[in-house]
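Enquirer: Take a look and give me a structure for this.
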Amino acid sequence: MAATLLIAGLAQAQDEKMWLSGSANFRNYNDDGDTKITGGNFSPAFGYYINPKIAVGISLNISGQKQEEDDGNNETIEYTTSEFSVQPFFRYYKSVGEKCSLYGEVYVGFGAGKTETEGADNEDTYGFLQTGIAPGIQYWFHNRWSVNAEWGALSYRADNDKGDGDGEDDFKSSEFNVGLDLSAISFGLNFHF
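Expert: Okay, the predicted model is just below:
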């Protein structure tokens, strides 16, 4: 209760320098019946304005995906993947009017996940590190509320797969992404206090 009162007092004294937000996306992919992928993620975040042009914050990313594939024998194999990560970020804002700003975001995150195969009695677990640059636009429709759209333009991710835990299937991988399509855009709603 004391922490809540302290945060509320700081929020009033800081003149809306903090915000809570959430963004989500959903993916549905089907290539004529051979592979079907359904999934999405939710990312709640907390941010703090150091000054009108610079902000820092942290987001949590929770995602899940189900993939169904034809094994070639008219049987369907189903994989379920879930991930959780923590991602500190830094933003630089440039005003383009009274209620609108462009920003660039740099982030570094780390997390873990697991993949389960339907009918198998094991699960693959992995850890990962990711970093990226994401441009965005933010629009204030009220002094306490804004919406933003962010485009995941450049990202790098390194995975350390632990396999099923017996040490035989361990491997490391890395991936560099340039998101040039609309699936790389996420939208968020922000409450400023």
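Enquirer: hey, let's count contacts and neighbours off CA atoms from now on
Expert: OK.
Enquirer: Could you find the residue nearest the spatial middle of this protein?
Expert: Asn61 (4.6 Å; C-alpha atoms, centre = their mean).
Enquirer: what ranges do the helices span in the chain?
Expert: Assigned by DSSP state H, the helices in the chain fall at 2-14.
Enquirer: And the strands in it?
Expert: 18-30, 35-51, 54-70, 76-95, 100-117, 123-140, 145-151, 154-161, 171-178, 185-192 (DSSP state E).
Enquirer: Return the residue of this structure that is most distant from the centre.
Expert: Per C-alpha atoms, centre = their mean, the most distant residue from the centre of the chain is Asn73 (36.2 Å).
Enquirer: Could you dump the strands of the chain into CSV with mean pLDDT added?
Expert: Below are the strands of the chain laid out as CSV (pLDDT from 0 to 100):
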stretch, mean pLDDT
strand 18-30, 87
strand 35-51, 93
strand 54-70, 93
strand 76-95, 94
strand 100-117, 95
strand 123-140, 94
strand 145-151, 93
strand 154-161, 91
strand 171-178, 86
strand 185-192, 90
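Enquirer: could you measure Thr80 against Thr125, distance?
Expert: Note on Thr80: its distance to Thr125, by C-alpha to C-alpha, to the nearest Å, is 12 Å.
Enquirer: From the rest of the structure, what touches stretch 107-120?
Expert: By C-alpha atoms under 8 Å, 6 or more residues apart in numbering, the residues outside stretch 107-120 that reach it are 77-90, 122-133.
Enquirer: Now which of these would you call buried?
Expert: Neighbour-count burial (16 or more other C-alpha atoms under 10 Å) applied to these gives 78-90, 123-133.
Enquirer: Could the C-alpha coordinates of stretch 99-110 be exported in PDB?
Expert: Extracted C-alpha coordinates of stretch 99-110, given in PDB (Å, rounded to 0.1, in the frame of the first residue of the first chain):
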ATOM      1  CA  LYS A  99      -0.200  15.400 -30.600                       C
ATOM      2  CA  CYS A 100       2.100  13.200 -32.700                       C
ATOM      3  CA  SER A 101       5.700  12.000 -32.400                       C
ATOM      4  CA  LEU A 102       8.000   9.700 -34.300                       C
ATOM      5  CA  TYR A 103      10.400   7.600 -32.300                       C
ATOM      6  CA  GLY A 104      13.200   5.200 -32.700                       C
ATOM      7  CA  GLU A 105      13.500   2.300 -30.200                       C
ATOM      8  CA  VAL A 106      16.500   0.200 -29.400                       C
ATOM      9  CA  TYR A 107      16.000  -2.900 -27.300                       C
ATOM     10  CA  VAL A 108      17.900  -5.900 -25.800                       C
ATOM     11  CA  GLY A 109      16.000  -8.800 -24.400                       C
ATOM     12  CA  PHE A 110      16.500 -12.300 -23.000                       C
END
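Enquirer: All set, thanks.
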